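**Q** Please work out how this folds:
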Amino acid sequence: MNASELRAKSTAEINEEMLALLRAQFSLRMQVATQQTNKTSELGKLRKSIARAHTVLRENEMKAASK
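**A** Reported below is the predicted structural model:
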């Protein structure tokens, strides 16, 4: 999910999306640790998506504080 799609969502929706991303990251980490998958590149993609969601949340917070 890119930043423009996240910016169109509300804070609650972004939090739900981030929770889903964190759960997917944990699941993938466990699969990699137990050698059930070879999709190690997915971990980096998930980390970037989580960081993107954090960034958009922070932007929303800064906008609310400046008003």
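**Q** Name the SS class of Phe26, please.
**A** For Phe26, the secondary-structure state derived from DSSP: H, G, I helix; E, B strand; the rest coil is helix.
**Q** Extract the C-alpha set from stretch 4-15 and format it as CSV.
**A** This file holds the C-alpha atoms of stretch 4-15, laid out as CSV (Å, rounded to 0.1, in the frame of the first residue of the first chain):
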residue,chain,number,x,y,z
SER,A,4,-1.4,8.2,-1.1
GLU,A,5,-3.7,5.4,-0.3
LEU,A,6,-3.0,5.6,3.4
ARG,A,7,-3.5,9.4,3.4
ALA,A,8,-7.0,8.9,2.1
LYS,A,9,-7.9,6.7,5.1
SER,A,10,-8.9,7.8,8.6
THR,A,11,-6.7,7.3,11.6
ALA,A,12,-8.7,4.3,12.8
GLU,A,13,-8.4,2.6,9.5
ILE,A,14,-4.6,3.2,9.3
ASN,A,15,-4.3,1.8,12.8
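**Q** Which residues does it contact?
**A** Applying CB atoms under 8 Å, 6 or more residues apart in numbering, the external contacts of stretch 4-15 come out as 17, 52-53, 56-57, 59-60. (Each C-beta comes from the backbone N, C-alpha and C, glycine too.)
**Q** Show the contacting residues for the residue nearest the centre of the chain.
**A** Computing the C-alpha centroid of the chain and ranking residues by CA atoms, centre = their mean puts Ile50 first, at 2.4 Å. Neighbouring residues of Ile50 by CB under 8 Å, 6+ apart: 18, 21-22, 25.
**Q** Next, Ser10: phi, psi?
**A** Main-chain torsions, Ser10, degrees, to the nearest 10: phi -80, psi 170.
**Q** how near is it to Glu17?
**A** Separation of Ser10 from Glu17 (CB to CB, to the nearest Å) stands at 11 Å.
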